[in-house]
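Peer 1: Next input, structure requested:
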Amino acid sequence: MKTMKKAIAVSLIGAMLLPLAGCAKKIESVRVRDFKTAIEEVIDEDDYTTNSDDSNVYYYGDDFFIDFYQLDDEDDAADAWEDILDSYNDMCDDKKFDGSRRMVSTDAYGYILLNGECSDKHFLEEVANIYFLSGGKNFYYGGIFFVEDEIIVVMTTDDGDASRQDVNTILNALGYPKP
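Peer 2: Here you go, the predicted structure:
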C-alpha cells in the first residue's frame with residue numbers, strides 16, 4: 001500500500017509538471033525577408049528603415065520599437081544577450097517591474113517577454129537604445145529575442161488592445177512566443 005501511494009504521488013507530480021515542460025518555446029532564426037514581411041502586416045513598408053546589407057531593419061514609432069539586428073557572429077550576439085540579461089536581472093532584482101514577465105535563456109537562444117509597468121525608464125534604453133520611446137510611459141508589452149547571431153525586439157509602450165494585437169501579429173508571423 002505504501003509503495004502504491006508513492007507511485008501515485010510520483011505520477012501526480014509528473015502530471016502536474018508536464019504542462020510546464022512545454023512553456024519554454026524554442027525559437028528559430030528568421031530571415032530578413034521574413035522579418036520584413038512580418039512587420040509589414042502591421043506597418044507600411046515605407047515606414048521602416050533597413051541598412052544597405054540588411055543586417056539591421058527597424059521601426060521606431062510613437063509607441064513601438066521593432067528591431068532586427070544581425071551581429072557579426074554568434075559570439076557577438078551572445079555577448080549582447082548577456083548584457084540584456086544583466087539589465088533585465090537588475091530591473092527584476094530592484095523590483096522595478098510590475099506585471100507578467102518570462103525569461104528563457106539557453107546557450108543557443110533566449111527571450112524575455114514583458115507585459116506590465118516598469119519604473120526603470122532606462123531598461124529598454126540599455127537594451128535597445130529606446131529611452132526616447134517611453135516619453136513618460138512606463139508600460140511595456142512585447143519581447144526581446146536572441147537566436148544565433150540575431151537580436152530582435154518587438155515592443156510597444158502603448159497598453160491599448162490594438163497595440164498589443166499588433167505586437168502579437170508580428171510575433172505570430174515570426175513564430176515567436178507572446179507575452
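Peer 1: List the residues that contact the nearest residue to Tyr58 once chain neighbours are set aside.
Peer 2: Nearest non-adjacent residue to Tyr58, counting by CB to CB, 6 or more residues apart in numbering: Asp67, 4.3 Å away. (Each C-beta comes from the backbone N, C-alpha and C, glycine too.) Shown in contact with Asp67 (CB atoms under 8 Å, 6 or more residues apart in numbering): Asn56, Val57, Tyr58, Tyr59, Ala128, Ile151, Ile152, Val153.
Peer 1: Doesn't Asp67 belong to a helix?
Peer 2: No: read with DSSP: H, G, I helix; E, B strand; the rest coil, Asp67 is strand and lies in no helix.
Peer 1: beta partners of it?
Peer 2: Counting by DSSP bridges, Asp67 is bridged to Tyr58, Val153.
Peer 1: Which is the succeeding secondary structure element to the lowest-mean-pLDDT helix or strand in the chain?
Peer 2: None of the helices or strands of the chain scores lower by mean pLDDT, DSSP states H and E than helix 131-134, at a mean of 42. Beyond helix 131-134 in the direction of the C-terminus, DSSP states H and E gives the next helix or strand as strand 139-147.
Peer 1: Could you report the pLDDT at Val57?
Peer 2: At Val57, the model reports a pLDDT of 89.
Peer 1: follow-up on the earlier one: buried among the contacts of Asp67? Need that as a selection in PyMOL.
Peer 2: The buried residues among those can be selected in PyMOL (16 or more other CB atoms under 10 Å) with this line:
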select buried, resi 57+58+59+128+151+152+153
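Peer 1: Quick one: the strands in this protein, in order.
Peer 2: 49-50, 56-60, 64-70, 97-105, 109-118, 139-147, 150-156 (DSSP state E).
Peer 1: Same list (the ones you listed) but as CSV, adding distance to Lys36.
Peer 2: Output for those, formatted as CSV (distance: least, CB to CB, whole Å):
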stretch, distance to Lys36
strand 49-50, 8
strand 56-60, 6
strand 64-70, 8
strand 97-105, 25
strand 109-118, 20
strand 139-147, 16
strand 150-156, 12
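Peer 1: closest to Arg33 out of the ones you listed?
Peer 2: strand 56-60 (9.9 Å; CB to CB).
Peer 1: Are there helices or strands packed against the closest one, and which ones?
Peer 2: The contact analysis (3 or more CB pairs under 8 Å, 6 or more residues apart in numbering; DSSP states H and E) places strand 56-60 against helix 32-40, strand 49-50, strand 64-70.
Peer 1: what's the average pLDDT for the second one?
Peer 2: Right, the one you point to is strand 49-50. On average, the pLDDT along strand 49-50 is 88.
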